[in-house]
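1. I'll drop the sequence and a predicted model, then ask my questions.
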Amino acid sequence: MPAAFFRATAMDTAPIVRRIATAIAILVCILYAGDLISVKLRHDPLSIVQINKIYAVPQKGGKTEFDTGDPESQTCVNSIFSHLGYSPCWYVSRHRNQRVNY
């Protein structure tokens, strides 16, 4: 096939790709705004999740010793995105073990 065919096809798809990207960006903004409104209107949007701290202490010889700390409570927000300075509860509950490196 001639090279002119490929150039014309690439030029024709650029506006379509731009429209799709714009539509996705607008939909994400609408989803974020709706999520924020639902958090603001909810009576109790916050929850508490227990977090396990695991301390990684480097030892001589390149080894690492792992010590478990006391469980801690972490406040999270019941939403899809982070709001009010808190992480979403679905993310915090999936990352209950937090490693702390020294």
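-> Right, received. Where do you want to start?
2. quick one, phi/psi of residue 84?
-> In terms of degrees, to the nearest 10, the main-chain angles of residue 84 are phi 60, psi 20.
3. which non-adjacent residue is nearest it?
-> Take residue 84 and drop its neighbours on the chain: the residue closest to it by Cβ to Cβ, 6 or more residues apart in numbering is residue 77, 5.7 Å away. Any C-beta I mention is one placed from the backbone N, CA and C, and that applies to glycine too.
4. tell me how many other residues crowd residue 89.
-> Per other Cβ atoms under 10 Å, the neighbour tally for residue 89 reads 19.
5. I'd say it and residue 77 touch.
-> Yes: counting by Cβ atoms under 8 Å, residue 89 touches residue 77, with 6.6 Å between them.
6. remind me which residues of the protein are low pLDDT?
-> 1-11 (pLDDT under 70).
7. residue ranges of the helices in this protein, please?
-> When secondary structure is read from DSSP state H, the chain shows helices at 3-41, 89-94.
8. hey, which of these is tucked in deepest?
-> helix 89-94 (a mean of 14; mean count of other Cβ atoms under 10 Å).
9. how far away is residue 35 from residue 92?
-> 16 Å (Cβ to Cβ, to the nearest Å).
10. name the residues of the longest strand anywhere in the chain that come out as buried.
-> Longest strand in the chain, counting residues (DSSP state E): strand 46-58. For strand 46-58, the neighbour count (16 or more other Cβ atoms under 10 Å) marks 49, 51 as buried.
11. how much space between residue 89 and residue 18?
-> Following Cβ to Cβ, the distance that separates residue 89 from residue 18 is 36 Å.
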